[in-house]
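Engineer: here's my sequence, what's the structure:
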Amino acid sequence: MLTFIVVDDKNEIRNQEIKVIDSYMMNFDIKYKIKEYSEYNSDFEKDVKKVTGQKIYLLDIMTDNGSGIDATRMIREEYNDWQSTIIIITAYPEYKYEALGARLYILDFITKADSFTKRLKEAISIALDNYHKKPNTISYKYNSYINIIDYKDIIYIEKEPDSKRCTIHTTSGDEKIPKGLTELEKELDNRFFRTHRSLIVNTDKIKRFDYQQNCIIFKNGEYTELVSRNKKKDLLEHLTNK
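Structural biologist: Numbering: from 1, shown residues only. Below you'll find the predicted structure:
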(Lines give C-alpha, C1' and ligand atoms only; values in the text may rest on other atoms or scores of the structure.)
Protein backbone atom coordinates (compact mmCIF):
# COMPACT_ATOMS: atom_id res chain seq x y z
CA MET A 1 0.00 0.00 0.00
CA LEU A 2 1.04 3.59 -0.67
CA THR A 3 1.22 5.73 2.47
CA PHE A 4 1.33 9.53 2.63
CA ILE A 5 2.90 10.84 5.84
CA VAL A 6 2.08 14.51 6.36
CA VAL A 7 3.73 16.70 9.00
CA ASP A 8 2.82 20.36 9.55
CA ASP A 9 2.27 22.30 12.75
CA LYS A 10 -0.49 24.41 11.17
CA ASN A 11 -3.83 22.58 11.02
CA GLU A 12 -5.09 24.60 8.07
CA ILE A 13 -1.98 23.82 5.99
CA ARG A 14 -2.05 20.14 6.92
CA ASN A 15 -5.74 19.92 5.99
CA GLN A 16 -5.03 21.67 2.69
CA GLU A 17 -2.28 19.17 1.88
CA ILE A 18 -4.59 16.24 2.69
CA LYS A 19 -7.32 17.76 0.52
CA VAL A 20 -4.86 18.02 -2.40
CA ILE A 21 -3.79 14.38 -1.91
CA ASP A 22 -7.37 13.07 -1.78
CA SER A 23 -8.43 15.18 -4.77
CA TYR A 24 -5.46 14.03 -6.86
CA MET A 25 -5.68 10.37 -5.88
CA MET A 26 -9.33 10.20 -6.99
CA ASN A 27 -7.93 9.99 -10.53
CA PHE A 28 -6.19 6.67 -9.81
CA ASP A 29 -7.20 3.21 -8.65
CA ILE A 30 -4.28 3.03 -6.21
CA LYS A 31 -4.97 1.97 -2.65
CA TYR A 32 -3.49 4.53 -0.24
CA LYS A 33 -3.74 5.90 3.27
CA ILE A 34 -2.75 9.16 4.93
CA LYS A 35 -1.10 9.54 8.33
CA GLU A 36 -0.83 13.06 9.72
CA TYR A 37 1.20 14.73 12.48
CA SER A 38 1.51 18.24 13.85
CA GLU A 39 5.06 17.61 15.09
CA TYR A 40 8.06 15.31 14.79
CA ASN A 41 7.26 13.07 17.76
CA SER A 42 7.75 9.42 18.73
CA ASP A 43 4.61 8.35 16.84
CA PHE A 44 6.02 9.92 13.66
CA GLU A 45 9.31 8.10 14.17
CA LYS A 46 7.43 4.83 14.77
CA ASP A 47 5.76 5.19 11.35
CA VAL A 48 9.11 5.96 9.72
CA LYS A 49 10.39 2.70 11.14
CA LYS A 50 7.37 0.39 10.88
CA VAL A 51 5.16 1.43 7.97
CA THR A 52 6.07 -0.79 5.02
CA GLY A 53 5.58 -0.27 1.33
CA GLN A 54 6.19 2.94 -0.57
CA LYS A 55 5.87 6.17 1.42
CA ILE A 56 5.50 9.76 0.26
CA TYR A 57 6.47 12.26 2.95
CA LEU A 58 5.21 15.86 3.01
CA LEU A 59 7.42 17.46 5.64
CA ASP A 60 7.22 20.91 7.19
CA ILE A 61 10.75 22.27 7.30
CA MET A 62 10.35 23.87 10.72
CA THR A 63 8.09 23.04 13.67
CA ASP A 64 8.40 23.94 17.36
CA ASN A 65 9.98 20.58 18.16
CA GLY A 66 11.90 19.60 15.05
CA SER A 67 13.18 20.21 11.55
CA GLY A 68 12.09 18.60 8.28
CA ILE A 69 15.73 18.37 7.23
CA ASP A 70 16.62 16.49 10.43
CA ALA A 71 13.60 14.21 9.86
CA THR A 72 14.75 13.58 6.29
CA ARG A 73 18.24 12.75 7.52
CA MET A 74 16.75 10.27 10.01
CA ILE A 75 14.64 8.61 7.27
CA ARG A 76 17.56 8.32 4.87
CA GLU A 77 20.55 7.66 7.10
CA GLU A 78 19.29 6.18 10.37
CA TYR A 79 16.60 3.95 8.84
CA ASN A 80 18.36 3.56 5.47
CA ASP A 81 15.22 4.40 3.48
CA TRP A 82 16.35 5.85 0.17
CA GLN A 83 13.28 4.63 -1.74
CA SER A 84 10.51 6.73 -0.22
CA THR A 85 9.71 10.12 -1.73
CA ILE A 86 10.27 13.24 0.38
CA ILE A 87 8.73 16.63 -0.40
CA ILE A 88 9.66 19.59 1.81
CA ILE A 89 6.96 22.23 2.33
CA THR A 90 7.77 25.51 4.04
CA ALA A 91 7.02 29.15 4.65
CA TYR A 92 10.76 29.85 4.75
CA PRO A 93 12.17 29.87 1.19
CA GLU A 94 15.60 30.82 2.53
CA TYR A 95 16.05 27.18 3.66
CA LYS A 96 15.79 25.86 0.09
CA TYR A 97 19.51 25.59 -0.63
CA GLU A 98 20.23 24.06 2.77
CA ALA A 99 17.58 21.40 2.14
CA LEU A 100 18.55 20.59 -1.43
CA GLY A 101 22.26 20.83 -0.64
CA ALA A 102 22.03 18.17 2.06
CA ARG A 103 22.13 15.44 -0.64
CA LEU A 104 19.23 13.57 0.89
CA TYR A 105 17.32 12.99 -2.36
CA ILE A 106 14.52 15.46 -1.72
CA LEU A 107 12.08 15.42 -4.64
CA ASP A 108 10.90 19.03 -4.28
CA PHE A 109 11.01 22.09 -2.05
CA ILE A 110 7.64 23.84 -2.11
CA THR A 111 7.02 27.29 -0.65
CA LYS A 112 3.56 27.65 0.88
CA ALA A 113 3.07 31.08 -0.71
CA ASP A 114 4.22 30.08 -4.22
CA SER A 115 1.44 28.35 -6.25
CA PHE A 116 1.29 25.84 -3.40
CA THR A 117 -1.56 23.60 -4.62
CA LYS A 118 -0.27 23.46 -8.20
CA ARG A 119 3.31 22.68 -7.15
CA LEU A 120 2.15 19.98 -4.73
CA LYS A 121 0.05 18.25 -7.41
CA GLU A 122 3.04 18.29 -9.77
CA ALA A 123 5.31 16.77 -7.11
CA ILE A 124 2.76 14.05 -6.28
CA SER A 125 2.45 13.29 -10.00
CA ILE A 126 6.22 12.73 -10.25
CA ALA A 127 6.17 10.59 -7.09
CA LEU A 128 3.37 8.38 -8.47
CA ASP A 129 5.20 7.97 -11.78
CA ASN A 130 8.21 6.70 -9.84
CA TYR A 131 5.91 4.49 -7.76
CA HIS A 132 4.61 2.69 -10.86
CA LYS A 133 8.13 2.22 -12.23
CA LYS A 134 9.67 1.02 -8.99
CA PRO A 135 11.73 -2.17 -9.44
CA ASN A 136 11.77 -5.17 -7.08
CA THR A 137 8.05 -5.11 -6.45
CA ILE A 138 5.00 -7.28 -7.08
CA SER A 139 2.11 -5.38 -8.64
CA TYR A 140 -1.46 -6.66 -8.80
CA LYS A 141 -5.05 -5.47 -8.98
CA TYR A 142 -7.51 -6.59 -6.32
CA ASN A 143 -10.94 -5.21 -5.41
CA SER A 144 -10.51 -2.49 -8.07
CA TYR A 145 -7.28 -1.15 -6.52
CA ILE A 146 -3.69 -1.48 -7.70
CA ASN A 147 -1.45 -2.79 -4.94
CA ILE A 148 2.34 -2.90 -4.94
CA ILE A 149 4.42 -4.98 -2.51
CA ASP A 150 8.16 -4.49 -2.06
CA TYR A 151 10.25 -7.65 -2.26
CA LYS A 152 12.06 -6.57 0.92
CA ASP A 153 8.77 -6.68 2.89
CA ILE A 154 7.88 -10.26 1.87
CA ILE A 155 8.57 -13.08 4.34
CA TYR A 156 7.08 -15.95 2.35
CA ILE A 157 4.42 -16.66 -0.28
CA GLU A 158 1.98 -19.51 0.20
CA LYS A 159 -0.39 -21.12 -2.30
CA GLU A 160 -3.95 -21.22 -1.05
CA PRO A 161 -5.40 -24.76 -0.92
CA ASP A 162 -7.56 -25.67 -3.93
CA SER A 163 -7.10 -22.22 -5.43
CA LYS A 164 -5.05 -20.38 -8.04
CA ARG A 165 -4.51 -17.52 -5.59
CA CYS A 166 -1.65 -16.97 -3.16
CA THR A 167 -1.21 -15.33 0.21
CA ILE A 168 1.85 -13.11 0.56
CA HIS A 169 2.97 -12.91 4.18
CA THR A 170 4.68 -9.56 4.72
CA THR A 171 6.22 -7.73 7.65
CA SER A 172 3.01 -5.71 8.00
CA GLY A 173 0.39 -8.42 7.42
CA ASP A 174 -1.01 -10.79 4.82
CA GLU A 175 -2.04 -9.94 1.25
CA LYS A 176 -4.18 -12.27 -0.88
CA ILE A 177 -3.39 -11.89 -4.56
CA PRO A 178 -4.97 -13.35 -7.71
CA LYS A 179 -1.75 -14.88 -9.03
CA GLY A 180 -0.41 -18.41 -8.95
CA LEU A 181 2.83 -19.45 -7.28
CA THR A 182 4.51 -20.44 -10.56
CA GLU A 183 3.61 -17.09 -12.13
CA LEU A 184 5.03 -15.24 -9.14
CA GLU A 185 8.19 -17.33 -9.14
CA LYS A 186 9.02 -15.99 -12.62
CA GLU A 187 8.76 -12.39 -11.37
CA LEU A 188 10.97 -12.74 -8.29
CA ASP A 189 14.73 -12.33 -7.95
CA ASN A 190 17.32 -14.71 -6.48
CA ARG A 191 16.65 -13.83 -2.85
CA PHE A 192 13.54 -16.02 -3.19
CA PHE A 193 13.63 -19.81 -3.11
CA ARG A 194 10.85 -22.28 -3.80
CA THR A 195 11.00 -24.86 -1.03
CA HIS A 196 7.80 -26.71 -1.84
CA ARG A 197 5.12 -26.81 -4.52
CA SER A 198 3.06 -24.62 -2.15
CA LEU A 199 5.70 -22.24 -0.80
CA ILE A 200 8.29 -19.64 -1.81
CA VAL A 201 10.44 -18.07 0.91
CA ASN A 202 12.45 -14.87 1.04
CA THR A 203 15.85 -16.12 2.15
CA ASP A 204 16.74 -12.63 3.47
CA LYS A 205 14.07 -13.20 6.13
CA ILE A 206 15.35 -16.61 7.28
CA LYS A 207 16.99 -16.70 10.69
CA ARG A 208 17.87 -20.40 10.66
CA PHE A 209 17.23 -23.58 8.69
CA ASP A 210 17.12 -26.69 10.87
CA TYR A 211 18.16 -29.34 8.36
CA GLN A 212 17.49 -32.29 10.67
CA GLN A 213 14.03 -31.12 11.69
CA ASN A 214 13.26 -29.84 8.20
CA CYS A 215 12.17 -26.50 9.62
CA ILE A 216 12.73 -22.90 8.48
CA ILE A 217 12.65 -20.30 11.26
CA PHE A 218 12.07 -16.74 10.09
CA LYS A 219 13.46 -13.62 11.74
CA ASN A 220 10.00 -12.58 12.96
CA GLY A 221 9.54 -15.86 14.86
CA GLU A 222 7.32 -17.64 12.34
CA TYR A 223 8.34 -21.02 11.02
CA THR A 224 7.43 -23.53 8.34
CA GLU A 225 8.12 -27.19 7.67
CA LEU A 226 7.10 -26.94 4.01
CA VAL A 227 10.44 -28.02 2.59
CA SER A 228 10.35 -30.83 0.05
CA ARG A 229 12.86 -33.66 0.48
CA ASN A 230 14.46 -32.89 -2.87
CA LYS A 231 14.78 -29.18 -1.97
CA LYS A 232 16.54 -29.51 1.40
CA LYS A 233 20.08 -29.75 0.08
CA ASP A 234 19.55 -26.99 -2.50
CA LEU A 235 18.11 -24.65 0.16
CA LEU A 236 21.03 -25.30 2.50
CA GLU A 237 23.45 -24.61 -0.35
CA HIS A 238 21.62 -21.43 -1.29
CA LEU A 239 21.75 -20.12 2.27
CA THR A 240 25.41 -21.08 2.67
CA ASN A 241 26.41 -19.20 -0.48
CA LYS A 242 24.50 -16.00 0.32
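
Engineer: show me what contacts residue 66?
Structural biologist: For residue 66, the residues meeting the contact criterion (C-beta atoms under 8 Å, 6 or more residues apart in numbering) are 39-40. From N, CA and C alone the C-beta is placed, and that goes for glycine too.

Engineer: for beta bridges, what are the partners of it?
Structural biologist: When bridges are called by DSSP bridges, residue 66 pairs up with residue 63.

Engineer: quick check: residue 203 touching residue 189?
Structural biologist: No. With contact taken as C-beta atoms under 8 Å, residue 203 and residue 189 are classed as non-touching, separated by 10.7 Å.

Engineer: looking at these two, which one has more neighbours?
Structural biologist: residue 203 (17 against 9; other C-beta atoms under 10 Å).

Engineer: now do the contacts for that one.
Structural biologist: With contacts defined as C-beta under 8 Å, 6+ apart, the neighbours of residue 203 are 191-193, 238-239, 242.

Engineer: show me what counts as buried in stretch 21-31.
Structural biologist: 21, 25, 30-31 (16 or more other C-beta atoms under 10 Å).

Engineer: how about TSV for those residues, with distance to residue 72 and secondary structure added?
Structural biologist: Listed next are the buried residues of stretch 21-31 as TSV, based on distance: C-beta to C-beta, whole Å; DSSP: H, G, I helix; E, B strand; the rest coil:
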residue	distance to residue 72	secondary structure
21	19	helix
25	23	helix
30	24	strand
31	26	coil
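
Engineer: I'd like those as JSON lines, with distance to residue 62 and pLDDT appended.
Structural biologist: Formatted as JSON lines, the entries for these read as follows, by distance: C-beta to C-beta, whole Å; pLDDT from 0 to 100:
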{"residue": "21", "distance to residue 62": "21", "pLDDT": "96"}
{"residue": "25", "distance to residue 62": "27", "pLDDT": "92"}
{"residue": "30", "distance to residue 62": "31", "pLDDT": "85"}
{"residue": "31", "distance to residue 62": "32", "pLDDT": "84"}
